[in-house]
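Novice: Test case, fold it:
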Amino acid sequence: MPVKLQITCIDRTDSSDPHHRILSIGGGSSVHRWTVSQEDAIRGIERNDWEFYIYRQGKIMNIVVAERDGEKYLKATCDADQPEMLLTLPQVK
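Specialist: Numbering: from 1, shown residues only. Next up is the predicted model:
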């Protein structure tokens, strides 16, 4: 059974390509913060170790692994091609 984790922040790169803008994701409380690289998150989802979600606009949105031009990235299920909902989250502190 995978561990469900809420993503509340991301760390961005300087890339102008939205598919390459997410470096890592993070969440947790002030007592127990966590961050994981996008690559590790993808591996964890594919191994069924983790399930990630975000809470936006009053709804829970699951995060999935998508692929473009042979490269994997994270996005919300409600996003079209680009990880728009993740990119609206604040920067990792």
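Novice: What segments of the protein are strands?
Specialist: Applying DSSP state E to the chain gives strands spanning 3-6, 9-12, 22-28, 33-37, 50-56, 59-68, 71-76.
Novice: buried residues in the longest one?
Specialist: Just to be clear, that refers to strand 59-68. Residues of strand 59-68 classed as buried: 61, 63, 65-66 (neighbour count, 16 or more other C-beta atoms under 10 Å). Heads up, the C-betas are built off the backbone N, CA and C, glycines and all.
Novice: what's it in contact with?
Specialist: With C-beta atoms under 8 Å, 6 or more residues apart in numbering as the test, strand 59-68 has contacts from 7, 19, 41-42, 45-46, 51-55, 72-78, 81, 83, 85-86.
Novice: Mind doing that once more with 7 Å?
Specialist: With contact meaning C-beta atoms under 7 Å, 6 or more residues apart in numbering, strand 59-68 is reached by 7, 19, 42, 45-46, 52-54, 72-78, 81, 85.
Novice: Compute the distance from the centre of it to the centre of its chain.
Specialist: 8 Å (C-alpha atoms, centre = their mean, to the nearest Å).
Novice: Check the fifth one too.
Specialist: Chain-centre distance of strand 50-56: 8 Å, with C-alpha atoms, centre = their mean.
Novice: just to revisit the earlier point, quick check: which of the strands of the chain is nearest to residue 90?
Specialist: Taking C-beta to C-beta, strand 9-12 is the member of the strands of the chain nearest to residue 90, at 5.0 Å.
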